[in-house]
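In: coords please:
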Amino acid sequence: MYGGFYGGYYSGSWMVLVLPAMLLALYAQAKVKNSYQKYSKMSSGTNLTGFEVARMILDRNNLSDVKIEHTPGTLSDHYDPRTKVLRLSNSIYNGNSVASMSVAAHEVGHAIQHAEGYFPLVLRNNIAPIVNFTSRFVWIFILLGFVVSSFFIEIGIMLFLGVVVFQLVTLPVEFNASKRALLELEDGISPRETLPPAKSMLSAAALTYVAATLVAVAQLLRLVSMTNRRR
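Out: Have a look, this model is predicted:
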């Protein structure tokens with residue numbers, strides 16, 4: 001019953017749709033890791049730590065109510081819009097490297113987006129809880145589709161579509177935050193010679209979001225292909 005499907009699946013759609021996206025994702029992860037290691041050793045040209053850079057940008061954008069805290073891990077930096085807290089990992093918080101300056105400024109970019117009501121961020125924040133919940137059931141419905149009816153695969157596809165939408169909405173959010181970060185760094189924080197490395201650091205990070213989106217789209221197309229083959 002399933003032999004023809006699996007044969008076509010492994011030789012065709014999986015290789016064409018998913019493998020290139022997965023390879024790009026692996027490349028993106030390696031690139032951002034290498035960029036972080038490289039630029040964490042390069043001085044920002046200022047005496048400012050990541051914390052001080054973040055605080056300076058926040059204050060001059062009238063966001064003195066946003067707090068800055070430590071968070072464990074590496075590249076675990078993020079802005080929490082629910083509590084208005086910007087969390088920086090130790091190396092970013094205390095470091096004065098290009099990486100520290102760039103990552104801190106990028107996360108402040110999200111805080112500025114939140115304060116301005118930047119629509120893609122508002123949309124992402126609203127759909128995130130829904131997607132986090134429904135995505136848990138995607139593969140349950142897919143498996144039920146093999147055992148019971150292809151109708152369940154279609155439900156799984158609809159749920160996974162939410163994941164794809166979330167990834168697509170994330171792209172302008174991250175690109176815009178990086179753009180804001182560079183504008184802030186250009187405005188009296190970063191010396192001219194460290195701006196290109198800062199841009200390279202932020203571009204490497206952005207590539208990971210592009211790769212994640214392509215993987216999600218490829219997975220969605222694969223699921224659609226699975227449904228068509230079972231009809």
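In: mind listing what residue 85 touches?
Out: 66, 67, 68, 69, 79 (Cβ atoms under 8 Å, 6 or more residues apart in numbering). Backbone N, C-alpha and C define where each C-beta goes, glycine included.
In: report the beta-bridge partners for it.
Out: In this entry, residue 85 is beta-bridged to residue 67, residue 80, by DSSP bridges.
In: quick one: buried ones out of the contacts of residue 85?
Out: 66, 68, 79 (16 or more other Cβ atoms under 10 Å).
In: just the closest of those residues to residue 118, please.
Out: residue 79 (12.0 Å; Cβ to Cβ).
In: confidence score at the nearest residue to that closest one once chain neighbours are set aside?
Out: Nearest residue to residue 79 in three dimensions, chain neighbours excluded: residue 110, at 4.0 Å (Cβ to Cβ, 6 or more residues apart in numbering). Per-residue pLDDT puts residue 110 at 98.
In: what helices or strands is the strand or helix carrying residue 110 leaning on?
Out: According to DSSP states H and E, residue 110 maps onto helix 98-116. Here helix 98-116 touches helix 19-39, helix 50-60, strand 78-80, strand 85-89, helix 90-94, helix 119-134, helix 150-186, helix 195-230, going by 3 or more Cβ pairs under 8 Å, 6 or more residues apart in numbering; DSSP states H and E.
In: in stretch 86-100, what's buried?
Out: Neighbour-count burial for stretch 86-100 [16+ other Cβ under 10 Å]: 86-89, 91-93, 95-100.
In: from the contact counts, what lies against the helix or strand hosting residue 140?
Out: In the assignment (DSSP H and E), residue 140 maps to helix 138-147. On a contact count with 3+ Cβ pairs under 8 Å, 6+ apart, helix 138-147 meets helix 150-186, helix 195-230.
In: tell me which of those helices sits nearest to residue 22.
Out: helix 195-230 (6.3 Å).
In: quick one: that closest one to chain centroid distance?
Out: 10 Å (Cα atoms, centre = their mean, to the nearest Å).
In: any idea of the mean pLDDT for that helix?
Out: The model assigns helix 195-230 a mean pLDDT of 87.
In: tell me which strands and helices it is in contact with?
Out: helix 3-8, helix 19-39, helix 98-116, helix 138-147, helix 150-186.
In: got a markdown table for these, with distance to residue 217 too?
Out: Shown next, in a markdown table, are the helices and strands packed on helix 195-230 (distance: least, Cβ to Cβ, whole Å):
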| stretch | distance to residue 217 |
| --- | --- |
| helix 3-8 | 20 |
| helix 19-39 | 7 |
| helix 98-116 | 24 |
| helix 138-147 | 15 |
| helix 150-186 | 6 |
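In: so which of those comes closest to residue 226?
Out: Taking those one by one with Cβ to Cβ, helix 150-186 is closest: 6.2 Å.
In: report all helices and strands that that closest one contacts.
Out: helix 98-116, helix 119-134, helix 138-147, helix 195-230.
In: try it again with 10 Å
Out: Packing contacts for helix 150-186, counted by 3 or more Cβ pairs under 10 Å, 6 or more residues apart in numbering; DSSP states H and E, involve helix 50-60, helix 98-116, helix 119-134, helix 138-147, helix 195-230.
In: could the ones you listed go into a markdown table alongside distance to residue 180?
Out: Listed next are those as a markdown table, based on distance: least, Cβ to Cβ, whole Å:
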| stretch | distance to residue 180 |
| --- | --- |
| helix 50-60 | 9 |
| helix 98-116 | 4 |
| helix 119-134 | 11 |
| helix 138-147 | 33 |
| helix 195-230 | 10 |
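In: most tightly packed of the ones you listed?
Out: helix 98-116 (a mean of 25; mean count of other Cβ atoms under 10 Å).
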